[in-house]
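Q: just coords:
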């Protein structure tokens, strides 16, 4: 990929304002190392295509899976799981004819996707049990540490403060690089609970190094933290609506009171195709 005449076919997509560069690499045109090296250039919003990250559709080594997802943050770092990116890739895969009930992996975890192409609606099932830890750091109020495929902390704030993006970016950067979370650092979510089953969210994303319009795994972490914050000791199914600057997401989950864990987690929302193109390296 160092050849100056190398051309990369790509599709630009977005999910709730999180935007991604999607590359179909099932035939193995590029190595993962080449993708990683090129990601900062591709994601540059001045001199490249511009995106929060790069997602590559790979042929899975597991015959029982429809594909493998390879994702990198805008700076080329490994984000772990990306919820909104996974939703975009599932819609992309469905449009390629891979199906509407899909199974895929990212790293060692296997996920399920349900796609409604006519509505551009995608739901991702997360195969994990999640616990919440209450922590304090420096002069910050209680934070909720939640791992939803990648590292997150959640901080409850006022609705007025949620609008002050300069302050949020400052606090987010401080916590993202806090020594207690490094390596690898953490994503930082700021929430205001509107009702029992709805909240507003702003996320400072590691790897983007700033506030983004949405974050799928952050929406999950925030929904679980909001449920925990209200001290809900219910084992019934729950659905929380997350309002981000880029759009609305829904997080479905169940709380197992006996084990104090969250499971049956699903992230649902729209994904959109933005444009297709060819990038010359």
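A: Right, received. Where do you want to start? All of these numbers come straight from a predicted model, not from anything done at the bench. Residues are numbered from 1 along each chain as shown.
Q: Just give the number of residues close to residue 109.
A: Counted with other CB atoms under 10 Å, the neighbours of residue 109 add up to 14. Bear in mind the C-beta positions are built from the backbone N, C-alpha and C, glycine included.
Q: Surely it is in contact with residue 149?
A: Yes - assessed by CB atoms under 8 Å, residue 109 is found in contact with residue 149 at 6.8 Å.
Q: was I right about residue 125 contacting residue 110?
A: No - applying CB under 8 Å as the test, residue 125 and residue 110 come out as separate, 9.8 Å apart.
Q: any common contacting residues for residue 109 and residue 149?
A: Both residue 109 and residue 149 are contacted by 81, 128, under the criterion CB atoms under 8 Å, 6 or more residues apart in numbering.
Q: Next, the spatially closest residue to residue 185 that is not a sequence neighbour: phi, psi?
A: In space, and not counting its chain neighbours, residue 185 is closest to residue 206: 4.8 Å by CB to CB, 6 or more residues apart in numbering. Note on residue 206: backbone dihedrals following degrees, to the nearest 10 are phi -60, psi 140.
Q: where's residue 206 relative to residue 75, distance?
A: Counting by CB to CB, to the nearest Å, the gap from residue 206 to residue 75 is 9 Å.
Q: Show me which of these two is the more surrounded one.
A: Using other CB under 10 Å as the criterion, residue 206 and residue 75 rank with residue 206 on top: 24 against 14.
Q: what sits against the more buried one?
A: Neighbour list for residue 206: 73, 77, 79, 151, 176, 184-187 [criterion: CB under 8 Å, 6+ apart].
Q: swap in residue 104?
A: 60, 65-69, 86, 89-90, 93, 110-111, 113.
Q: Phi, psi for it please.
A: phi -150, psi 170.
Q: next one: residue 119
A: Dihedral pair for residue 119: phi -110, psi 0, per degrees, to the nearest 10.
Q: can you check the one 10 residues further on too?
A: Backbone torsions for residue 129, taken as degrees, to the nearest 10, come to phi -110, psi 130.
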